[in-house]
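I'll drop the sequence and a predicted model, then ask my questions.
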Amino acid sequence: MRVTVLGAGYVGVTSAAVLAHLGHQVTCIESDPTRLERWRGGEDPLEEPGLAELLRDVHLRFVENPRELSLADVVVVAVGTPMGHNGTPDLSQLEAATDEIRRFARERAVVLMRSTVPVGTCDRLQNASLADQYVVSNPEFLREGHALEDAFHPSRIIAGGPEEARGVVEELYRPITRSRMGQKGNGHPAATPFLWMSARSAELAKYAANGFLATKLSFVNEIANLAQSVDADASAVLESMGFDPRIGAQHLRPGLGWGGSCFPKDTRALQAIADGVGYDFVVLRAAIEQNTRQLCRFAEAIEKDVPRASTVALLGLAFKAGTPDTRESPALALVRRLTHGGLHVSAYDPAVDALPADLGVRLRATAVEACAGADAIVVATEWPEFAEMDLVALRRAARGDLLFDGREVISPAKATAAGFRYYGISGLRRDPEARPAQASYPLRSRVDGALVDGTLVGLRPNREPAGSGP
Ligand code: UGA
């Protein structure tokens with residue numbers, strides 16, 4: 001099939017590369033000349049693991065001219081829909097893409113909407129500017145850093161729109177749904193489910209999935225906070241939950257809140273959808289609010305122990321490990337909060353090499369450099385390499401002995417052995433032999449507007465004796 005993809009972001013190029021690998025003739029249209037040149041030069045500006053290698057293996061054209069749309073049987077829309085006013089997505093890129101499709105795409109071409117758009121968008125386009133094409137909602141479920149894995153082995157393919165387009169969409173994905181390359185099984189390969197529904201249902205299905213995962217994480221963070229306050233071991237509690245297949249073991253890691261270009265935007269968009277029809281989505285509202293509190297709670301713990309005008313070394317700036325992406329990163333929100341409160345920040349991230357100028361942060365080339373002379377160290381992204389850091393070298397470089405681990409990636413016992421006072425985000429302990437600290441922490445938090453009240457509960461120093469761990 002001839003496929004033209006509009007938008008060379010991580011969803012667009014991943015979809016394009018995978019469809020090319022499946023045997024389709026694929027062209028990618030990108031209007032940003034800098035990005036276009038980098039793709040054409042065989043570079044992956046997004047640093048998505050495996051993507052540059054796959055691009056070398058497949059035949060994929062990158063062009064600027066929207067007239068290419070006239071050749072397509074299938075047009076894939078993968079433009080950005082960033083957060084706009086009042087939580088509703090900014091659809092300006094989508095409107096521009098729609099205009100090009102209207103002008104150049106052939107009649108009865110299938111327009112696959114991969115971008116995350118408000119419920120009713122596909123119907124609206126179908127009934128107006130794209131009346132000559134078939135508009136199908138086909139949401140993506142690709143995680144940054146795992147986009148190829150998720151595209152080749154999707155848990156499901158969801159699509160919805162006019163019945164006339166169904167056969168084309170089934171055909172497009174048939175190599176995945178039929179060849180059983182789809183689901184990674186445990187010895188029992190199963191075909192990837194292809195779920196056909198209305199466009200509105202498919203659009204809502206995307207928001208529902210991200211909204212649910214974000215809510216799950218907010219709940220996980222609450223359990224971790226509560227566990228600490230009642231002297232339970234959050235890691236044991238959360239691990240036990242993961243064994244229940246109805247809950248699932250993924251997205252159970254507590255942290256300083258969820259971020260990125262999807263969860264914050266999509267939860268707010270889902271809330272706006274509910275608000276728009278007068279429905280009070282109370283659970284989602286609470287999840288969003290909890291996410292703000294989670295970050296505040298961690299920041300307050302730092303501010304309580306680190307005097308104003310001190311220097312904090314921040315390790316991790318990306319919104320999660322495995323990506324250089326800092327969009328809606330909790331780490332950057334933390335920087336803003338700490339610098340606003342009078343602290344200086346020097347930072348290191350294994351993948352981030354540039355920061356917004358207004359952030360006022362000194363970016364260093366290594367963790368040790370970032371920690372040199374710092375009064376406290378804060379871990380803000382769950383990079384696995386942080387677990388392997390030479391903590392003795394960090395302790396030697398730093399002036400102070402406080403280590404705040406917002407992602408629980410560092411072994412408390414190792415940190416203590418290296419001479420740090422370790423603060424985890426919860427009572428979570430990664431060392432099997434480590435015991436939860438024995439102390440009584442009465443629950444004092446109360447709801448007061450959007451913030452937790454007063455003195456912070458939880459977030460205490462690790463009390464394990466030095467050298468008790470590996
Ligand atoms: C998310 C979804 O997971 C994808 O299925 C979806 O397709 C994508 O959004 C999208 O809408 O395009 P992504 O934003 O790449 O993918 O990141 P996740 O891996 O889901 O992580 C989101 C946030 O949750 C990160 O800040 C991460 O650090 C945090 N997180 C994740 C935790 O705090 N704990 C966990 O256990 C997992």
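Looks like it came in fine. Numbers count the residues shown, from 1 in each chain.

count of neighbours near Asp233?
When neighbours are counted by other C-beta atoms under 10 Å, Asp233 registers 18. In short, each C-beta sits where N, CA and C put it, glycine included.

Do I have it right that it meets Leu226?
No - with contact defined as C-beta atoms under 8 Å, Asp233 does not count as touching Leu226 (12.0 Å).

Mind telling me which residue of the stretch 301-450 of the chain is nearest the ligand?
For the stretch 301-450 of the chain, the residue closest to the ligand is Lys320, as judged by C-beta to the nearest ligand atom, at 3.4 Å.

buried residues in the helix or strand harbouring Asn221?
Assessed by DSSP states H and E, Asn221 sits inside helix 199-229. Within helix 199-229, the residues scored as buried using 16 or more other C-beta atoms under 10 Å are 199-200, 202-207, 209-229.

So for Ala274, what's the nearest residue that isn't a sequence neighbour?
Counting by C-beta to C-beta, 6 or more residues apart in numbering, Phe281 is the residue found nearest to Ala274 once chain neighbours are left out, at 3.9 Å.

Can you list phi and psi of the one you found for me?
With angles defined as degrees, to the nearest 10, Phe281 sits at phi -80, psi 80.

show me where the stretch 301-450 of the chain has helices.
Along the stretch 301-450 of the chain, counting by DSSP state H, counting those that start in this stretch, helices occupy 330-340, 367-371, 391-397, 412-417.

Adding distance to the ligand as columns, could you present those helices in JSON lines?
Putting the helices of the stretch 301-450 of the chain into JSON lines (distance: least, C-beta to the nearest ligand atom, whole Å) gives the following:
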{"stretch": "helix 330-340", "distance to the ligand": "6"}
{"stretch": "helix 367-371", "distance to the ligand": "19"}
{"stretch": "helix 391-397", "distance to the ligand": "22"}
{"stretch": "helix 412-417", "distance to the ligand": "19"}
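
about what we covered before: so after the helix holding Asn221, what's the next helix or strand?
Later in the chain than helix 199-229, the nearest helix or strand by DSSP H and E is helix 234-242.

okay, the angle between that following helix and helix 199-229?
Going by axes from the mean of the first three to the mean of the last three C-alpha atoms, to 10 degrees, helix 234-242 is angled at 140 degrees with respect to helix 199-229.

Endpoints of stretch 248-255, how far apart?
End-to-end span of stretch 248-255 (C-alpha to C-alpha, to the nearest Å): 18 Å.

For stretch 100-110, list every residue counted as buried.
Buried-residue list, stretch 100-110, by 16+ other C-beta under 10 Å: Glu100, Ile101, Arg102, Phe104, Ala105, Ala109, Val110.

Help me confirm that the second one comes into contact with Leu6.
So that's Ile101. Yes - taking contacts as C-beta under 8 Å, Ile101 lies within contact range of Leu6: 7.5 Å.

any residues in contact with both of the two?
Leu69, Val75, Val77 (C-beta atoms under 8 Å, 6 or more residues apart in numbering).

and the gap between the last one and Lys216?
When C-beta to C-beta, to the nearest Å is the yardstick, Val77 and Lys216 sit 29 Å from each other.
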